[in-house]
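> Quick check, what structure comes out for this input:
(one chain, ligands or ions: 1)
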Amino acid sequence: MFSKIKIDKHKKTNAFDVLTFLLAILTACIMLWYQLGMNRDLVIDANNATARVESDKSEGGHSRVSFVKDNALIMRCTIRRSQTYQYPYCNLIVELTEKPGLDLTKYNQLFVTMQYQSTAPDKIRIYLNHVFDNQQTTTTYPFKMNLYRFNAENKIATYRIQLSDFVVPFWWICANKVDSAHSEFSNVKNIMFSTGESTKPRDTEIKIFKIALRGKWIEERNLYQGLLYIWIVWIVSGLSWKIYQLANEQRQLQKHSRNLLKKNKALDNKSRVLQEQAHHDQLTGLYNRSGLYNALDNLANNQFSLLILDIDHFKSINDELGHDVGDSVLKQLASVLKTRCRESDLVVRWGGEEFLILCRNTDIHQAELLANKLRLEISQTQFTIGRRITCSIGVAEKTTQSFDELFKQADLALYQSKKTGRNKVTVYQS
Ligand SMILES: Nc1nc2c(ncn2[C@@H]2O[C@H](COP(=O)(O)OP(=O)(O)OP(=O)(O)O)[C@@H](O)[C@H]2O)c(=O)[nH]1
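Numbers count the residues shown, from 1 in each chain. Modelled structure (predicted):
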C-alpha cells in the first residue's frame, strides 16, 4: 500500500569513497614513480663525443695542451705563466650539438664520470656555454658562460651537479658591463672543462669518460600543480554530486511525506466513518449499544435518567405485514424519538423493538413527563402502515448505582407497564 522511497545513499557513498581511495593510491604511485623514475636522460659517451682542446696561447699565454681520445676524452695541459697573459688555462670542449644549441632547461642534473690529476692542487671548472640566438646581443661575448667549480679527485668518479648550482662568473659580468646575470640553459652549445684559476705552473690531466644530463619528463612544480587541480576538481565534483543527491533525496522525502499526510488524512476520515458506523445502528441511524457505552464513559459523574421504550405487540406487525414493514415502523418510530428528544439526550436502539433514551441533567419527574409525552406522541402518530402503534416505557433515575443496575430498574418498570396493560409509563420505585 505504501510506496517505498529508494534512497541508496549507502551505495553511493561507498562508490565515492572507493574512487577517492583509488585516486589517493594513484596519486601516491605517481609521486613515488616521480621520485624513483620518470627520467629523461641525455648521455654523451666519450667514444661518440665530438671534442677539442684549446689553451691560453690564442690570448698570448704559454700554456700547452694536447688531446687524446682513447675510451675517454683526455686533455693534458701544462700551465705556464706568461708576461702577456696573466690567467693561464686549458679547456676541453665537448660539443653537445652541431646545431646552434641544445635546450637544457628540461634537465636539472649533470653527471660527469671523470678523473683528474695535477702536480699542484686546484679546482676544476665546468662551463655550460649558452649561445645567444639573436644577433642584437649587446654583450662582448656571443655566449653566456654558466660556471660550476669543484674539487675533482685523482680517481675515476662520477660527480652529480645540480644545474641550479651553475652561476655566471663575475669576470663575465664585468667583461660584458652588466649589473648582474642569471644562468641560462635554453641554447647550450657545449660543455667546457677548464683548469682552475690558479696561475701556479703545473701539469694536469683531465679524463672524461661519460657525461649525462638528467631531467624529469615533467617539472616537479607542474606535476604537483596538476595533481592538486585533479584533487580540487574531484573534491568539488564529489561535493556537488553529494549536494545534488541530498537535494534529490530531500525532494523525494518531501514528496513521500506529502503522500503520507494525504494517506493519513484519508485514513483518519475512514476511521471516523468506521467509528461512526460502529457506534450507530444501521437501520435507524440511532446510537447502538457500542455507541451508548462509548457515551457512558463521558457521563460517569453526570446525573441522568433512563427510559426503556418497547413497542407493543410488534411481533404481530412482522407476522402479519412482513419484516420489511416492521423495519419501516422501527425507522419511523426512531425518527419520532429523534425529533421529540433534546440534543443532549442520547437515543439508542438497544435491540429489536426496544429503545433507550438517556436524558442528561434530568430528574425522575422530568423523565416521567418526557416518557408520557413520547408515549402519547407515538400513539397519535400516523404510521405509514395505517395502524396505531403504542409503546410501553419504564423509567429510572441514576443516583449512585451502576448503569447495569439502573438498566435493570428501568427494565423492571417497563415490565410493569407491559404487565399492567401496555401503552403505559411506569417509574421504578425502589
Ligand atoms: N422488522 C423487524 N423486526 C424485528 C427486528 N428486531 C426484532 N424484531 C422483531 O420484534 C419482535 C419482538 O417480539 P416480542 O419480543 O414478542 O414482543 P412484542 O411482539 O412486541 O410483544 P410485547 O413486547 O410483549 O408487546 C419479534 O418478532 C422480532 O422478530 C428488526 O430489526 N426488524
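
> The stretch 151-300 of the chain against the ligand: which residues are in contact?
residue 283 (C-beta under 6 Å from any ligand atom). For glycine as for every other residue, the C-beta is placed from the backbone atoms N, C-alpha and C.

> would you list every one of the helices in the stretch 151-300 of the chain?
Remark: helices assigned in the stretch 151-300 of the chain by DSSP state H, counting those that start in this stretch are 170-175, 220-279, 289-296.

> Would you mind checking the average pLDDT for the second one?
Per-residue pLDDT values across helix 220-279 average out to 93.

> Highest mean neighbour count out of the helices of the stretch 151-300 of the chain?
helix 289-296 (a mean of 15; mean count of other C-beta atoms under 10 Å).

> contact partners of that one?
Residues outside helix 289-296 that contact it (C-beta atoms under 8 Å, 6 or more residues apart in numbering): 278-280, 287, 346, 348, 350-351, 356, 358, 403.

> Buried among the residues you listed? Make that a PyMOL selection.
Of the contacts of helix 289-296, the buried ones can be selected in PyMOL as follows, counting by 16 or more other C-beta atoms under 10 Å:
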select buried, resi 279+280+287+346+348+350+356+358+403
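
> Now do the same contact list for the residue of the stretch 201-350 of the chain found nearest the ligand.
With C-beta to the nearest ligand atom, the shortest gap between the stretch 201-350 of the chain and the ligand falls at residue 326, namely 2.5 Å. Residue 326 sits next to 314, 317-318, 353 when contact means C-beta under 8 Å, 6+ apart.

> How about residue 384?
Applying C-beta under 8 Å, 6+ apart to residue 384 gives the contacts 328, 332.

> I'd like the distance between it and residue 284.
Using C-beta to C-beta, to the nearest Å, one gets 15 Å for the distance from residue 384 to residue 284.

> Looking at the residue of the stretch 201-350 of the chain closest to the ligand now. What's its pLDDT?
Residue 326 carries a pLDDT score of 95 in this model.

> Could you pull up phi and psi at it?
Here is the backbone geometry of residue 326 (degrees, to the nearest 10): phi -50, psi -40.

> With the one 4 residues further on instead?
Summarising the backbone geometry of residue 330 under the convention degrees, to the nearest 10, its torsions are phi -60, psi -40.

> what does residue 129 give?
Torsion angles, degrees, to the nearest 10, at residue 129: phi -90, psi 110.

> Contacts only, for the closest residue to it other than its chain neighbours.
In space, residue 129 comes closest to residue 143 once its chain neighbours are excluded; the distance is 4.8 Å by C-beta to C-beta, 6 or more residues apart in numbering. Residue 143 sits next to 129-132, 189 when contact means C-beta under 8 Å, 6+ apart.

> ok, of the residues you listed, which one's closest to the ligand?
Nearest to the ligand among the contacts of residue 143: residue 130, at 119.6 Å, using C-beta to the nearest ligand atom.

> State whether that closest one is indeed within a strand.
Yes - counting by DSSP: H, G, I helix; E, B strand; the rest coil, residue 130 is found in a strand.

> Mind pulling the model confidence for residue 394?
With respect to pLDDT, residue 394 scores 98.

> In JSON lines: the helices of the stretch 151-300 of the chain, plus distance to residue 415.
Supplementary listing: the helices of the stretch 151-300 of the chain in JSON lines, determined by distance: least, C-beta to C-beta, whole Å:
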{"stretch": "helix 170-175", "distance to residue 415": "137"}
{"stretch": "helix 220-279", "distance to residue 415": "28"}
{"stretch": "helix 289-296", "distance to residue 415": "20"}
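
> I'd like to know which of the ones you listed lies nearest to residue 158.
Closest to residue 158 of these is helix 220-279 (C-beta to C-beta; 23.0 Å).

> Check which helices and strands the closest one is in contact with.
Contacts defined by 3 or more C-beta pairs under 8 Å, 6 or more residues apart in numbering; DSSP states H and E place helix 220-279 against helix 9-36, helix 289-296.

> Can you list the buried residues in the first one?
This means helix 9-36. 16, 30, 34.

> about what we covered before: do you know how far the residue of the stretch 201-350 of the chain closest to the ligand is from residue 381?
For residue 326, the distance to residue 381 equals 16 Å [C-beta to C-beta].

> Same question for residue 409.
For residue 409, the distance to residue 381 - C-beta to C-beta - is 28 Å.

> Among the helices of the stretch 151-300 of the chain, which comes closest to residue 207?
Using C-beta to C-beta, the helices of the stretch 151-300 of the chain put helix 170-175 closest to residue 207, at 27.0 Å.

> same for that closest one, what does it pack against?
The contact analysis (3+ C-beta pairs under 8 Å, 6+ apart) places helix 170-175 against strand 143-150.

> For the strand it packs on, list the C-alpha coordinates in PDB.
Output in PDB follows, covering the C-alpha atoms of strand 143-150 (Å, rounded to 0.1, in the frame of the first residue of the first chain):
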ATOM      1  CA  PHE A 143      77.600  33.300 -25.400                       C
ATOM      2  CA  LYS A 144      76.800  33.300 -21.700                       C
ATOM      3  CA  MET A 145      79.100  31.100 -19.600                       C
ATOM      4  CA  ASN A 146      77.400  29.200 -16.800                       C
ATOM      5  CA  LEU A 147      80.100  28.100 -14.400                       C
ATOM      6  CA  TYR A 148      80.500  25.500 -11.700                       C
ATOM      7  CA  ARG A 149      83.700  24.900  -9.700                       C
ATOM      8  CA  PHE A 150      84.500  21.800  -7.800                       C
END
